[in-house]
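A.B. asks: Take this sequence and fold it.
(one chain, ligands or ions: 2)
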Amino acid sequence: MNGRKKPLVVITRKLPDQVETRMRELFDARLNVDDRPMTQPELVAAIKEADVLVPTITDRIDAALIAQAGERLKMIANYGNGVDNIDVAAAGERNIVVTNTPNVLNEDTADMTMALMLAVPRRLTLGAQVLSGGGKWPGWSPTWMLGHRIWGKRLGIVGMGRIGTAVARRAKAFGLSIHYHNRHRAAPLIEDELEATYWDSLDQMLARMDIISVNCPSTPATFHLLSARRLALLQPTAYIVNTARGDIVDEDALIAMIEGGKLAGAGLDVFEHEPAVNPKLVKLADKGKVVILPHMGSATIEGRIDMGDKVIINIRTFFDGHRPPDRVLPRRA
Ligand SMILES: NC(=O)C1=CN([C@@H]2O[C@H](COP(=O)(O)OP(=O)(O)OC[C@H]3O[C@@H](n4cnc5c(N)ncnc54)[C@H](O)[C@@H]3O)[C@@H](O)[C@H]2O)C=CC1
Ligand SMILES: O=C(O)C(=O)CO
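C.D. replies: Ligands and ions are numbered 1, 2, ... in the order given. A predicted model of the protein is given here:
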């Protein structure tokens with residue numbers, strides 16, 4: 001970008017300080033210093049004026065907004081891995097390049113998935129509350145606070161991509177056998193490493209698993225992929241962990257099944273109507289039936305800086321005249 005006018009880059013949320021400093025050096029960067037989410041009119045103003053919009057996963061960049069983009073807008077560089085917040089096809093029709101921040105969140109998100117996988121069956125939050133809530137601990141007893149062993153159980157991963165594979169590696173080390181359902185079969189090397197079993201039929205896999213981990217993206221094809229009908233295929237002793245997106249699971253059906261004792265529990269980092277959380281889930285959390293986290297899967301300082309670096313590399317590569325490394329193409333129908 002040497003010698004050329006710096007691109008005007010509008011960033012919708014506050015980013016880590018060192019990312020913002022670098023962005024200021026490299027771009028004509030409009031930062032959001034007080035971190036107030038942008039209103040719709042503010043997003044419209046930004047998209048009309050900027051060369052690059054850097055939204056994040058909570059900004060809805062839909063076709064109606066993209067239709068109002070100014071002549072200058074060449075790129076939407078998402079600060080986020082999932083791109084369900086962006087209408088990528090609408091951007092493509094206007095020749096606007098979309099990028100995301102894959103890979104740098106794999107390990108952190110997989111760690112949090114594993115944490116949930118342990119927390120629910122082993123009653124971690126209930127146990128922790130006994131002491132941190134100032135409650136009375138009657139002392140160790142053979143029959144108190146018993147959960148379920150996860151070693152030796154079957155894990156079914158829905159979406160064996162970057163994060164799903166990182167989850168599988170951890171789970172294997174915890175003694176779980178690895179099963180997965182995906183649009184495409186994983187590479188033989190990965191299957192061999194994980195000793196993983198591929199299930200072409202999601203229904204059949206669900207019926208046989210002890211724990212399900214949801215790791216596919218939110219797309220029109222995965223909306224309520226775990227529907228009421230499919231959830232009913234699970235064994236009553238099974239657990240679900242979702243660190244992908246809330247709308248992949250029919251949340252009302254999930255709640256009804258846990259309340260009715262038809263499912264053992266769930267660990268959820270994401271919700272169907274985020275940031276709203278269904279009060280019934282909060283009640284279930286009080287009973288230790290679910291563990292709910294406020295979308296923290298990727299929340300590490302290191303990860304958030306790495307995401308910023310990715311955004312910067314994508315923008316610089318594009319303005320240097322090359323294809324950005326994390327370009328997202330419209331989904332094929
Ligand atoms: N909780 C958190 O903080 C985070 C959540 N995420 C979520 O995790 C998702 C997955 O991320 P990655 O692993 O990087 O994506 P990825 O693209 O590497 O993997 C997703 C896998 O799901 C598969 N898939 C897509 N549609 C499917 C379908 N209909 N049925 C079965 N499999 C299907 C794909 O073939 C792919 O292998 C993101 O889209 C995002 O929504 C990502 C980062 C952090
Ligand atoms: O990047 C994503 O997709 C996230 O969910 C961030 O946590």
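A.B. asks: Can you give me the end-to-end span of stretch 5-14?
C.D. replies: 24 Å (C-alpha to C-alpha, to the nearest Å).
A.B. asks: Low-confidence ranges, the stretch 1-150 of the chain, go.
C.D. replies: Within the stretch 1-150 of the chain, the segments meeting pLDDT under 70 span 1-3.
A.B. asks: Might you enumerate the residues of it proximal to ligand 1?
C.D. replies: Contact residues, the stretch 1-150 of the chain versus ligand 1 (C-beta under 6 Å from any ligand atom): 81-82, 102, 105, 109. (Glycine included, C-beta is placed from N, CA and C.)
A.B. asks: Go through those and flag which are in helices.
C.D. replies: Members of those lying in helices (criterion: DSSP state H): Thr109.
A.B. asks: can I get the residues of the stretch 1-150 of the chain next to ligand 1 in a markdown table with neighbour count?
C.D. replies: Below are those laid out as a markdown table (neighbours: other C-beta atoms under 10 Å):
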| residue | neighbour count |
| --- | --- |
| Asn81 | 22 |
| Gly82 | 19 |
| Pro102 | 19 |
| Leu105 | 25 |
| Thr109 | 25 |
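A.B. asks: So which of the residues of the stretch 1-150 of the chain next to ligand 1 is the closest to ligand 1?
C.D. replies: Gly82 (3.1 Å; C-beta to the nearest ligand atom).
A.B. asks: That closest one is in contact with Thr219, isn't it?
C.D. replies: No - judged on C-beta atoms under 8 Å, Gly82 makes no contact with Thr219 at a distance of 9.8 Å.
A.B. asks: ok, how many other residues are close to Pro188?
C.D. replies: Per other C-beta atoms under 10 Å, the neighbour tally for Pro188 reads 8.
A.B. asks: need the contact list for it.
C.D. replies: By C-beta atoms under 8 Å, 6 or more residues apart in numbering, Pro188 lies in contact with nothing.
A.B. asks: Can you tell me how far it is from ligand 1?
C.D. replies: 15 Å (C-beta to the nearest ligand atom, to the nearest Å).
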